[in-house]
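Visitor: Sequence isn't available, so here's the structure alone:
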Ligand SMILES: [Zn+2]
Ligand SMILES: [Zn+2]
């Protein structure tokens, strides 16, 4: 297996772009604000697709610019279209993701897991081949991610974590949109404390 996962964070801000691929081709997950930085990290490998875990501007700002270089499609869940348009007025994503959808890059597959809660159209990308799940804002190492210090739907976000993420294999790496990575096993251990802390958790 030559496929690898690279992480890119811009100098300003801590948002993480994840680049999955081999020496020939990659998929970019959540490019963030710095298109030039992401494309620099990609190098001369072909960008097959740009996948947005949700529509918040800090994650999708550079999506069109990163996709443009290799005329790659941008993928977004349709329920986050109005959020996306706040960052990209008059533009649409090319691919409407749905639960169970699959992207292929190099010799691995990325499966779309619908995880509404942080936003209605939040998704995670699960790569069984690499033992990793890309969680955007659905779940960080510290728990469900708030938006601007608040949870749009705390209970819903915890429910999807319990139903769709903690049911993945325990040793799966959790690669979030911000901060350090964790594992499903560790998240499972912390889940009760997130639940007990309630929406004050990330505020
Ligand atoms: Zn967000
Ligand atoms: Zn973010």
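Guide: Yep, that arrived. Model, not experiment: these values are computed from the prediction. Numbers count the residues shown, from 1 in each chain. Ligands and ions are numbered 1, 2, ... in the order given.
Visitor: Excluding chain neighbours, give the residue nearest to the closest residue to ligand 2 within the chain in space.
Guide: Ligand 2 sits closest to residue 58 of the chain, with a gap of 4.3 Å, by C-beta to the ion. Glycine gets a C-beta too; all of them are placed from N, C-alpha and C. Excluding its sequence neighbours, the residue lying closest to residue 58 (C-beta to C-beta, 6 or more residues apart in numbering) is residue 15, at 5.1 Å.
Visitor: Likewise for residue 32?
Guide: residue 15 (4.2 Å).
Visitor: Enumerate every residue touching the one you found.
Guide: 9, 30, 32-33, 58-59, 177-178 (C-beta atoms under 8 Å, 6 or more residues apart in numbering).
Visitor: And it, how far from residue 193?
Guide: 25 Å (C-beta to C-beta, to the nearest Å).
Visitor: What of residue 43?
Guide: Look at residue 43 and residue 193: by C-beta to C-beta, they are 41 Å apart.
Visitor: again with residue 33
Guide: For residue 33 relative to residue 193 (C-beta to C-beta), the value is 32 Å.
Visitor: could you say which helix or strand contains the residue nearest to residue 29 when sequence neighbours are not counted?
Guide: In space, and not counting its chain neighbours, residue 29 is closest to residue 18: 4.3 Å by C-beta to C-beta, 6+ apart. For residue 18, the host element (DSSP states H and E) is strand 17-21.
Visitor: Do any residues in that strand lie close to ligand 2?
Guide: No - shown here: strand 17-21 not in contact with ligand 2 (C-beta under 5 Å from the ion), separated by at least 11.0 Å.
Visitor: Tell me which other helices or strands the helix or strand just after that strand touches.
Guide: Going down the chain from strand 17-21, the next helix or strand is strand 25-29, by DSSP H and E. Here strand 25-29 touches strand 17-21, helix 35-42, strand 46-51, strand 102-105, going by 3 or more C-beta pairs under 8 Å, 6 or more residues apart in numbering; DSSP states H and E.
Visitor: can these go into a markdown table with extra columns for mean pLDDT, mean neighbour count and distance to ligand 1?
Guide: Listed next are the helices and strands packed on strand 25-29 as a markdown table, based on pLDDT from 0 to 100; neighbours: other C-beta atoms under 10 Å; distance: least, C-beta to the ion, whole Å:
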| stretch | mean pLDDT | mean neighbour count | distance to ligand 1 |
| --- | --- | --- | --- |
| strand 17-21 | 98 | 24 | 14 |
| helix 35-42 | 97 | 18 | 18 |
| strand 46-51 | 98 | 23 | 15 |
| strand 102-105 | 98 | 16 | 21 |
